[in-house]
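> mind folding the following:
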Amino acid sequence: MRTYKVGGAVRDRLLGKPVTDIDWVVVGATTEEMLAKGFRPVGSDFPVFLHPKSGEEYALARTERKSGRGYGGFTFHASPEVTLEEDLIRRDLTINAMAEDDQQNLTDPYHGQRDLEARLLRHVSPAFAEDPLRVLRVARFAARYAALGFTVAPETLELMRQLSESGELQALTAERSWKEISRALMEDQPQVFIEVLRACGALKELMPEVDALFGVPQPQAHHPEIDTGAHTLSVLEQAARHKQPLTVRWACLLHDLGKGLTPEEEWPRHIAHEFKGLKLIKAVNERFKAPKDCQELALLVGEYHTHGHRALELKPSTLLELLQSFDVYRRPQRFEEFIAACEMDARGRRGLEQRSYPQVDYLRGAATAARSVAVQPLLEKGFKGPELGEAIKRERLKALKAYKETASF
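Model (predicted):
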């Protein structure tokens, strides 16, 4: 029975990056031996155990064989006869197919260290093309390590293209897809994730609504980058640069989907794209079963982001409607995230990344003014029921009028 540290822990140590999660593979052992040593079983499809003290995952060395469609279409075989090399060859990328013993002696049968030095994301074997989830995983690794100069090897990108064209991506569950998408969006360069998916044809299979934005022009006066797809990538890049949460990054990715519906004869203008895009945003939300907070913010940003840009011009009544739409009185954080998404949208334009965006402070001030209206004095005046609601609305409108008159922006 021999244990080896495998995968990301080995890769990141060799890259000089912090090692957070450690996975182990056990060669030459049986399930019974693991249980006798106090390991707790957690795997249903194949033998994975938790260490009795550290809680780290230990998996018996195994082989796998394609037996159906999708991520789960595999049969696994674990036995003491399975070698370390046989276990490593079933992994996705060479940089993830290295192992080391407790003396840090490296086992690298598929030249992962060489590819680390060459900054290449390369598949281990042709079996890579049997698992459609790997298309998303490779794109995610490309986003994670883009700053270090990593690119996808041409032959691996070709396999990803074949997978995308095979229809296998449609067999991925919403849960597995969202796990990879959400992790990729939280990387330092999430726009690279979208770029790689597009390069291998996976974007048009998974998110045709986003893929449709590339090649669609916008008015150059407002969008020096012109192309809507390029703008979307820049907005996502800004969201990562400004350390925005997942909700904001998801909204940034989907905010302009309506522009993909504009007839060519109307280009480069996109009248009412905010409303046209709502059905597309809803479709993408539902396809990946995005968390409720991500879904809600994406729809609100899609509908109201141009209100955010024109905040200083809005009439007090329109401003009040905007605040009401976000329920800023009970959910102030959601409005903060909307403001952040609008700012990322404004900064995601070529050459305008550093420009000031006074709308942030103006909108915050408006929300504060509306929230400052006290309900108790209205109750003391005898207002109740629907009349109370109208009275509160009138007072908030009055507060916003006063705010607009005195605010200096």
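
> report the distance from stretch 176-185 to the chain centre.
6 Å (C-alpha atoms, centre = their mean, to the nearest Å).

> not counting its neighbours along the chain, what's nearest L106?
Leaving aside its sequence neighbours, L106 sits nearest to E100 (C-beta to C-beta, 6 or more residues apart in numbering; 5.1 Å). Bear in mind the C-beta positions are built from the backbone N, C-alpha and C, glycine included.

> run the chain-centre distance for the longest helix seen in the chain.
The helix spanning the most residues in the chain, taking DSSP state H as the definition, is helix 385-406. Centroid separation for helix 385-406 versus its chain: 39 Å, with C-alpha atoms, centre = their mean.

> show me what contacts the residue nearest to L106?
By C-beta atoms under 8 Å, 6 or more residues apart in numbering, the residues touching E100 are 4-5, 10, 106-107.

> is it in a bridge, and if so with what?
K5, L106 (DSSP bridges).

> for it, give me the pLDDT.
Here the pLDDT value assigned to E100 is 97.

> do the same with T232
Looking at T232, its pLDDT is 98.

> now do the SS call for it.
helix (DSSP: H, G, I helix; E, B strand; the rest coil).

> isn't it up against L213?
Yes - counting by C-beta atoms under 8 Å, T232 touches L213, with 5.6 Å between them.

> for the two, indicate the residue with more neighbours.
Applying other C-beta atoms under 10 Å to T232 and L213 shows that T232 carries more neighbours, namely 25 against 22.

> once you drop chain neighbours, what's closest to Q189?
Spatially, and ignoring its direct neighbours in sequence, Q189 is nearest to A146 (4.3 Å; C-beta to C-beta, 6+ apart).

> run through the residues that contact the one you found.
188-189, 192.

> ok, it to A184 distance?
11 Å (C-beta to C-beta, to the nearest Å).

> next one: E117
In terms of C-beta to C-beta, E117 sits 24 Å off from A184.

> sec struct for Y357, please.
Y357 is classified as coil under three-state DSSP.

> ok, now how distant is it from P263?
For Y357 relative to P263 (C-beta to C-beta), the value is 31 Å.

> more crowded one of the two?
Using other C-beta under 10 Å as the criterion, Y357 and P263 rank with Y357 on top: 18 against 6.

> pLDDT wise, what is the more buried one at?
For Y357, the model assigns a pLDDT of 97.

> what's the answer for the one 3 residues further on, then?
The model reports V360 with a pLDDT of 97.

> my read is that it contacts A341, right?
No - counting by C-beta under 8 Å, V360 stays clear of A341, with 11.1 Å between them.

> the more surrounded of the two?
The neighbour comparison of V360 against A341 (other C-beta under 10 Å) goes to A341, with 28 against 17.

> ok, residues contacting whichever strand or helix holds that one?
Using DSSP states H and E, A341 falls within helix 332-347. Counting by C-beta under 8 Å, 6+ apart, helix 332-347 makes contact with 235, 238-239, 242, 244-245, 247-248, 251-252, 255, 293, 296-297, 300-301, 304-305, 308-309, 323, 326-328, 352-355, 357, 359-360, 363-364, 367, 371, all of which sit outside it.

> look at W24 and give its secondary structure.
The three-state label given to W24 by three-state DSSP is strand.

> filter the contacts of A146 down to just the ones in strands.
Taking DSSP state E, every one of the contacts of A146 sits outside strands.

> nearest to G55 among those residues?
Distance to G55, by C-beta to C-beta, is smallest for D188 among those, at 28.2 Å.

> what sits against that closest one?
D188 sits next to 143-144, 146-147, 240 when contact means C-beta under 8 Å, 6+ apart.

> just the buried residues out of the residues you listed, in ChimeraX syntax.
To isolate the buried ones among those in ChimeraX, judged by 16 or more other C-beta atoms under 10 Å, type:
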select :143,144,146,240
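
> buried members of the contacts of helix 332-347 into PyMOL, please.
Selection of buried members from these for PyMOL, criterion 16+ other C-beta under 10 Å:
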select buried, resi 235+238+239+244+245+247+248+251+252+255+293+296+297+300+301+304+305+308+309+323+326+328+357+359+360+363+367
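
> can you show me the helices along the stretch 51-200 of the chain?
Taking DSSP state H, counting those that start in this stretch, the helices of the stretch 51-200 of the chain run over residues 84-89, 112-118, 133-145, 154-166, 174-185, 190-199.

> looking at the ones you listed, which is closest to K384?
Among these, if distance is taken as C-beta to C-beta, the winner is helix 174-185, at 44.9 Å.
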